[in-house]
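J.: pasting the structure only:
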């Protein structure tokens, strides 16, 4: 005999799922990247890969532009670029138009990282999207963009229109 009363289904534990998924994704991506780069001494982290991809499109980007593109604090970008300079993947120079502004340039060693990274991102994206329809992926992407913009909401949770 079926229960006449439907039990209310609990909502998904989104914060737990998002945090857990992020940790697993970072670990899995590191493993995928390590497989592509083999015995290379230094393997680009996801943040370093982001810098390399931005510079491949816009070499000589300012530190501020990198921070904006990567959704990082300027202080985080400074340390990131410093570590990448030590690996000789990028070079940082003062902007000729404004000496207070730093521009970052891709070096040949940094450029050498791009093709394996592109291959890795292609494989990773194929695995991440396997089994999902375009409509499902659009919903996931819309929700993740929503989460990214939560800091722009006012105290009542309504989107800020400033």
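T.: Now that the structure is in, tell me what you want to look at. Worth saying up front: this structure is predicted, and the values here are computed from it rather than measured. Residues are numbered from 1 along each chain as shown.
J.: residues touching residue 73, list them.
T.: With contact set as CB atoms under 8 Å, 6 or more residues apart in numbering, residue 73 has these partners: residue 67. For every residue, glycine as well, the C-beta is placed using N, CA and C.
J.: which stretches of the protein have low pLDDT?
T.: 1-6, 152-162 (pLDDT under 70).
J.: mind listing the strands for it?
T.: 61-62, 90-94, 102-106 (DSSP state E).
J.: in a markdown table, list those strands along with distance to residue 81 and mean neighbour count.
T.: Formatted as a markdown table, those follow (distance: least, CB to CB, whole Å; neighbours: other CB atoms under 10 Å):
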| stretch | distance to residue 81 | mean neighbour count |
| --- | --- | --- |
| strand 61-62 | 10 | 18 |
| strand 90-94 | 6 | 15 |
| strand 102-106 | 6 | 19 |
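J.: quick check: which of the ones you listed is nearest to residue 122?
T.: strand 102-106 (20.2 Å; CB to CB).
J.: so what touches that closest one?
T.: For strand 102-106, the surrounding residues in contact (CB under 8 Å, 6+ apart) are 51-52, 55-56, 59-63, 66, 81, 89-95.
J.: could you redo the last one with a cut-off of 7 Å?
T.: Strand 102-106 has contacts (CB atoms under 7 Å, 6 or more residues apart in numbering) with 52, 55-56, 59-63, 66, 81, 90-95.
J.: tell me the contacts of residue 137?
T.: Per CB under 7 Å, 6+ apart, neighbours of residue 137: residue 129.
J.: how close does it sit to residue 128?
T.: Computed as CB to CB, to the nearest Å, the residue 137 to residue 128 distance reads 9 Å.
J.: and if you look at residue 18?
T.: On the measure of CB to CB, residue 18 and residue 128 end up 14 Å apart.
J.: next: residue 109.
T.: Distance from residue 109 to residue 128, by CB to CB: 29 Å.
J.: again with residue 19
T.: From residue 19 to residue 128 the distance is 17 Å (CB to CB).
J.: max-length helix in the protein?
T.: In the chain, taking DSSP state H as the definition, the longest helix is helix 14-37.
J.: same for that one, what does it pack against?
T.: Judged by 3 or more CB pairs under 7 Å, 6 or more residues apart in numbering; DSSP states H and E, the packing partners of helix 14-37 are helix 114-129.
J.: and the angle from the helix it packs on to helix 14-37?
T.: If you take axes from the mean of the first three to the mean of the last three CA atoms, to 10 degrees, helix 114-129 sits at 140 degrees to helix 14-37.
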